[in-house]
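S.K.: The sequence and its predicted three-dimensional model are supplied below.
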Amino acid sequence: MTTMTRAYAITAEAVAAEAQRTGESAEEIDVSNVVHLDDLELRDLGPRDVKLKILAVSAEHNITHAATADTINIAEARGGKIYPGNSAVGEVLEIGDEVTRLDVGDVVITHCNGEPDENGFPLRIWAYDQPESIGWYSKEAVVEDWQLIKAPLDSGLSLWEIAALPLRAPTAYHLWRRALGIYRVKVPYERQARLNVLSFGGGVGELFLMLAKAEGHNAFFCAGSKERRDSLEKLGIVGIDQKQFNRFASSDDVKAFNKHVKGLTDGVGMHLVCDMLRGPVFEAGMAVAARCGVNVSAGWQLSQVVSYNSTVQSVKQVTIDHTHYETPVGCEAATELYGSVFKPTIHNEIYSFEDLPRCFQEMHENTQTGIPIIRVADEMPESVKDLV
Ligand SMILES: NC(=O)c1ccc[n+]([C@@H]2O[C@H](COP(=O)([O-])OP(=O)(O)OC[C@H]3O[C@@H](n4cnc5c(N)ncnc54)[C@H](OP(=O)(O)O)[C@@H]3O)[C@@H](O)[C@H]2O)c1
């Protein structure tokens, strides 16, 4: 029997119309003009499929990348339309004949590794560049069981906090184990236990620092948002106001930032830096690198291309590493840390499903005070009623 549901879509037509209206200026684009509610026919349940009622989702930046077509025009590349959404919490409504890990009534989170390579790393991301993939900014969804993880409902987190993590926590977890692993090739634990760890603004960077803090390192958060800095300071993570350094607009700003960081770290600098933004942030992150430092990134919000002085970095023994998203088993491991390590900062409004386009525009405008969450289900299952 055909199941119809309501789902948000981005069409190449809407992307083109908004680009034309704004003269192709990414800053002026109103994302809410590009994301539209649509009728979606769900596929029939296959033997490994699970049908979900979506309870809550978090807003992720790739919808902005899709709406502004700043990386590639993904809606056009995917044949004219995508159904976005790659981070969700849902209730299992039905399972296929071969599904044994999950049961009807379970509450699950999704991961967005759309197609693992031979080492588990994603070749493509679900609901973005994975062909035929349908995202979860919808009332209901059908997905294969390997993409689902049981939600840790006893982690001490609210449903909204759990909804903040399915995409960002595995990304941070992977960045963390890569950064630390690379540093330890150069400087073993035996020689140095405590590292200086810096991240710039954003949910992924915050979670990266929570991992660092939980393992006893010195953690520093350089962001423009006072609310987000205050929230991390409660966990003992030192805030640095990025706007005090004019978001590194000039080389003097970078120099002043470097001086400030050296003051905070006894002249040593940062052993690990997480930079999801690139652009001017990259220069700043590289300037404060300690000897043998590692600079990791899985994002390119401000620019896709960076340049650096190879000689200087060689002499300093600095490594620049690129990651994307976790392996499916890594996503499971990251989920074990919900609540004990990962305590996400949530934006102060929980958006309704109808307000999803406005939520994305506000994310684009960078006016939110934490990770933005959208409540999708009006009626919540009994198992999460105490968590909302
Ligand atoms: N590869 C992956 O799997 C993956 C996963 C998640 C995210 N990402 C990418 O990583 C980036 C960050 O995502 P997120 O989820 O961590 O962020 P987020 O929670 O959505 O927050 C975005 C942050 O960007 C900062 N920002 C915005 N404009 C800025 C500017 N002009 N200069 C400096 N900072 C600015 C803001 O920090 P302040 O204003 O407070 O400084 C804000 O907190 C996005 O581009 C996203 O696409 C990649």
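M.R.: Structure's in. What do you need?
S.K.: which other residues reach stretch 122-130?
M.R.: Residues lying outside stretch 122-130 but in contact with it, judged by Cβ atoms under 8 Å, 6 or more residues apart in numbering, are 62, 66, 74, 77-78, 82-86, 110-117, 131, 133-136, 147, 324-325. Glycine gets a C-beta too; all of them are placed from N, C-alpha and C.
S.K.: Which ones among those also lie next to the ligand?
M.R.: With Cβ under 6 Å from any ligand atom as the criterion, the contacts of stretch 122-130 include 62, 324-325 near the ligand.
S.K.: now those as TSV including neighbour count, secondary structure and pLDDT?
M.R.: Rendered in TSV, the data for these read as follows (neighbours: other Cβ atoms under 10 Å; DSSP: H, G, I helix; E, B strand; the rest coil; pLDDT from 0 to 100):
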residue	neighbour count	secondary structure	pLDDT
Asn62	22	helix	87
His324	16	coil	93
Tyr325	22	coil	94
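S.K.: Which of those sits closest to the ligand?
M.R.: When these are compared for distance to the ligand, the smallest value, 3.9 Å, is given by Tyr325; criterion: Cβ to the nearest ligand atom.
S.K.: can I assume the closest one is in contact with Cys112?
M.R.: Yes - the pair Tyr325 and Cys112 passes the contact test of Cβ atoms under 8 Å, sitting 6.6 Å apart.
S.K.: Which residues are in contact with each of these two?
M.R.: With contacts taken as Cβ under 8 Å, 6+ apart, Tyr325 and Cys112 have 122, 125, 167 as neighbours in common.
S.K.: Neighbour-wise, which one of these leads?
M.R.: Of those, Leu167 is surrounded by the most neighbours, 29 neighbours in total, counting by other Cβ atoms under 10 Å.
S.K.: residue contacts, the closest residue to that one other than its chain neighbours?
M.R.: Setting aside the residues directly before and after it, Leu167 is nearest to Ser87 in space (Cβ to Cβ, 6 or more residues apart in numbering), at 3.8 Å. Applying Cβ under 8 Å, 6+ apart, we find Ser87 in contact with 57-58, 60, 110, 112, 136, 163, 165-168.
S.K.: So which residues lie in contact with the lengthiest helix in the chain, not counting its own?
M.R.: Looking only at the chain and at elements set by DSSP state H, the helix with the highest residue count is helix 168-186. When contacts are defined by Cβ under 8 Å, 6+ apart, helix 168-186 is touched by residues 58, 60, 87, 111, 195, 203-208, 210-212, 271-272, 274, 292-294, 296-298, 317, 319, 321, 323, 325-327, 330-331, 333-335, 337-338, 342, 344, 371.
S.K.: Go through that helix and flag the buried ones.
M.R.: When neighbours are counted by 16 or more other Cβ atoms under 10 Å, the buried residues of helix 168-186 are found to be 168-180, 182-183.
S.K.: next one: stretch 267-287
M.R.: Per 16+ other Cβ under 10 Å, stretch 267-287 contains these buried residues: 268-287.
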